[in-house]
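> build me a model from this:
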Amino acid sequence: MTTTNLAVLVPLLPFLGAAAGLLLGRSAPGFVRPLAVLPPLASLVLAALVAVRQGGDRAVDAHTLLTPTGSVPIELALHIDGFAALVAVLVAFVATCVQIYSTGYLRDDPRYPSYAALVSLFTSAMLLVVYSGDLIVLLVGWEVMGICSYFLVGHYWETPEARAASLKAFLVTKLGDVPFLIGLFALGTDAGSFQITRVLGTVASGGLDHPTLIALLLLAGVAGKSAQFPLHTWLPDAMAGPTPVSALIHAATMVAAGVYFIARLLPVFEASQAAMVVLAVMAAVTMAGSGLAALAQDDIKRVLAYSTIGQLGYMTGALAVGDRGAAVFHLLSHGAFKALLFLAAGVIIHAAGTNSLAAMSRMSHLRDRVPDAYWTMTVALLALAAIPPFSGFFSKESVLGAAEHVATGHTDHAPGAAGWIVLVAGLVTALLTAAYATRLWLLAFRGRGVEAPDHGRQPLTMTVVLWVLAVPSLAFGGLAYRSLPGWFDGRALTPTLLTSILGTGLALVGGLLTHGAWQRTRVLAARIPMGAVAAHPDEGAGLVEAEAIASHEPVYGNIAYAPDLADPGRVLLGPLYRHAATGFHLDAVYAALFVRPVLAGASLVQFLDSAVVDTYVRGAAALPRLLGAAVRRAQTGNVQTYVSALLAGTVVLTVAVLLVATGA
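Sure thing, here's the model as predicted:
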């Protein structure tokens with residue numbers, strides 16, 4: 001079988017699995033789990049074969065006319081280079097792990113059949129984006145992922161949080177998709193084709209008429225899909241969905257699509273120096289802002305959500321300095337350890353027996369209760385913090401090294417300003433990442449919160465998946481920089497000495513500062529009686545507000561213990577903590593700029609419709625109603641009245657005729 005035929009089957013099999021799951025979910029429930037697991041597993045095998053055959057060499061291209069349009073044709077095309085081959089393997093691998101994990105996590109969920117089918121459809125759509133060689137076909141997969149995320153985030157639709165989160169995710173991403181669609185049409189019009197190879201050829205020959213405008217329009221869609229500032233606000237709220245869905249969205253689909261899109265069409269963005277600087281600023285703000293916000297979150301999944309936003313900022317930062325190899329390298333590395341982080345968090349939540357007990361301040365004795373999650377999450381957090389030799393170190397250092405090369409003028413792929421912006425923000429974020437990763441580990445596994453009920457051992461399918469994902473989280477980076485440079489435009493992936501020392505040093509500083517703050521706050525929390533702190537919130541180094549302390553119950557000896565006091569994030573952020581905890585009030589800004597004006601406009605339209613339009617309609621109906629009432633009163637049913645009216649009418653007509661005749 002040819003490589004092209006194998007590649008066609010990769011997105012097709014999950015799609016067929018989704019269709020079969022939806023059709024057979026109720027009538028044949030015994031087939032639901034095989035239909036959920038086997039298609040993505042088969043796609044993984046086929047994607048690996050495609051990657052082996054492609055081998056990082058010349059791209060595999062195939063296309064056929066899908067439909068004539070009269071102007072720019074739409075083609076069913078494949079374009080598989082080294083990036084596409086590797087990303088497809090990641091997508092299929094994470095999707096398979098998520099489906100296997102979900103068989104245990106959602107084993108008692110009555111809506112599991114529809115959930116599994118939607119996950120398969122989600123996977124198929126992302127694989128279509130990865131392999132597609134035509135921008136319109138890519139757009140189809142792009143939008144299918146959007147609707148799948150709406151349904152999956154809202155899986156627990158009984159809760160208002162899930163309903164609001166699914167709607168917010170859909171609307172915010174659509175806010176970016178509108179200019180994205182306009183940008184695609186403008187790009188296809190300038191190039192005379194939607195086929196990616198022809199578009200890139202047009203860019204190489206300088207054929208784009210409006211490169212800056214097109215690049216900025218496309219960036220709006222990327223910011224929405226990949227949760228970059230300022231359209232990132234939907235992603236933390238999306239944690240209201242099932243945890244395996246969060247792992248899929250954050251590690252391999254949806255948010256990865258925007259980064260992959262820029263990597264595939266990077267020459268389009270490089271054609272505009274202004275667009276590259278805008279991309280660098282967007283990445284820098286995203287990295288630093290999300291790191292600060294993650295340091296102030298109490299919900300473990302929201303910490304990981306802001307972590308994803310920041311790591312995506314690293315990827316877009318690499319793209320801003322013109323190095324798509326570093327961006328995709330970090331995309332692959334991040335996919336493994338972020339999936340592991342979310343699925344390990346799912347084990348913690350599952351151990352508590354509910355999806356809502358994810359507050360780290362209330363976790364206690366989890367190290368002994370969920371040892372598999374403890375060890376594997378430790379590996380993933382070390383990879384997230386970019387501690388060598390874990391995978392995140394190699395991929396993150398490739399991003400910082402690329403930024404250093406641009407900043408110091410060793411390459412001219414991007415403006416020097418973009419290099420400095422990404423480099424400085426990346427180093428600051430390295431410190432913040434290690435800080436919130438250490439904080440998460442301390443609060444989740446060494447905290448002294450409320451003891452949750454123990455629901456026994458977790459299903460084997462869940463724990464096995466954790467250990468499977470721990471392998472690439474530990475070893476992928478070290479193997480990739482030695483064996484895969486040919487897949488990444490031939491660029492060497494070996495970490496540079498300067499950025500390695502700076503990045504690792506700042507990560508260690510962030511971890512040590514957090515641990516020191518945690519030790520200090522534990523001592524203060526144990527020494528200060530509850531009533532004293534509630535009465536004098538400034539005592540205890542101003543660590544927590546009185547109303548926040550009053551809600552905590554655990555008591556150690558004769559001294560009340562307030563878990564908020566043991567949060568090192570409060571010490572590290574100080575007065576910034578409150579603002580960081582709310583995402584720097586960006587939702588409030590959007591509410592003032594967009595939500596309230598739209599609601600006010602809707603109220604005005606409703607008033608005009610009821611008070612003006614309906615008044616005219618009611619007035620138009622009033623005259624016929626009055627005439628009808630008059631006619632109805634004349635219909636008395638009395639024959640004498642009818643005869644009298646007839647005679648009266650005859651007399652009136654006779655007189656009228658006589659008058660007319662006399663006048664004539």
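> from here on, just use CA atoms for contacts and neighbour counts.
OK.
> I'd like to know which helix or strand in this protein has the lowest mean pLDDT.
When the helices and strands of the chain are scored by mean pLDDT, DSSP states H and E, strand 555-556 comes last with a mean of 33.
> for the stretch 501-650 of the chain, just list every one of the strands.
With DSSP state E, counting those that start in this stretch as the criterion, the stretch 501-650 of the chain has strands at 555-556, 559-560.
> sorry, wrong one. I was asking about the chain.
Ranges of strands within the chain are 60-67, 74-80, 555-556, 559-560, based on DSSP state E.
> just put the ones you listed in JSON lines and tack on mean neighbour count and distance to Pro575.
JSON lines is the format used below for these (neighbours: other Cα atoms under 10 Å; distance: least, Cα to Cα, whole Å):
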{"stretch": "strand 60-67", "mean neighbour count": "13", "distance to Pro575": "55"}
{"stretch": "strand 74-80", "mean neighbour count": "22", "distance to Pro575": "50"}
{"stretch": "strand 555-556", "mean neighbour count": "11", "distance to Pro575": "27"}
{"stretch": "strand 559-560", "mean neighbour count": "18", "distance to Pro575": "24"}
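> quick check: phi and psi on His413?
Main-chain torsions, His413, degrees, to the nearest 10: phi -70, psi -20.
> go ahead and confirm it touches His405.
No. At 9.8 Å, His413 and His405 do not qualify as touching, with contact defined as Cα atoms under 8 Å.
> possible to save the strands of the chain as JSON lines with distance to Asp609?
Putting the strands of the chain into JSON lines (distance: least, Cα to Cα, whole Å) gives the following:
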{"stretch": "strand 60-67", "distance to Asp609": "43"}
{"stretch": "strand 74-80", "distance to Asp609": "42"}
{"stretch": "strand 555-556", "distance to Asp609": "60"}
{"stretch": "strand 559-560", "distance to Asp609": "59"}
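> to Leu12, which of those lies closest?
Of all those, it is strand 74-80 that lies closest to Leu12, at 13.2 Å by Cα to Cα.
> so, low pLDDT: which residues of the stretch 451-600 of the chain?
451-456, 490, 522-566 (pLDDT under 70).
> which residues touch the nearest residue to Phe170 once chain neighbours are set aside?
Spatial nearest neighbour of Phe170, excluding adjacent residues (Cα to Cα, 6 or more residues apart in numbering): Tyr150 at 5.8 Å. Going by Cα atoms under 8 Å, 6 or more residues apart in numbering, Tyr150 touches Ser166, Leu167, Ala169, Phe170.
> could I get the residues you listed as a markdown table with distance to Leu460?
Below are the contacts of Tyr150 laid out as a markdown table (distance: Cα to Cα, whole Å):
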| residue | distance to Leu460 |
| --- | --- |
| Ser166 | 30 |
| Leu167 | 34 |
| Ala169 | 32 |
| Phe170 | 34 |
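> so of those residues, which ones are in helices?
Secondary structure from DSSP state H places Ser166, Leu167, Ala169, Phe170 of the contacts of Tyr150 in helices.
> out of those residues, which comes closest to Leu76?
Proximity of these to Leu76 (Cα to Cα) peaks at Phe170, which lies at 26.9 Å.
> touching, the closest one and Ile147? I think so.
Yes. Phe170 lies in contact with Ile147 (Cα under 8 Å); the separation is 7.2 Å.
> ranges for the helices of the stretch 501-650 of the chain?
530-535, 546-549, 568-573, 577-581, 586-590, 596-608, 614-634, 639-663 (DSSP state H, counting those that start in this stretch).
> of these, flag the one that's most buried.
With neighbours defined as mean count of other Cα atoms under 10 Å, the helices of the stretch 501-650 of the chain peak in mean count at helix 568-573, which reaches a mean of 23.
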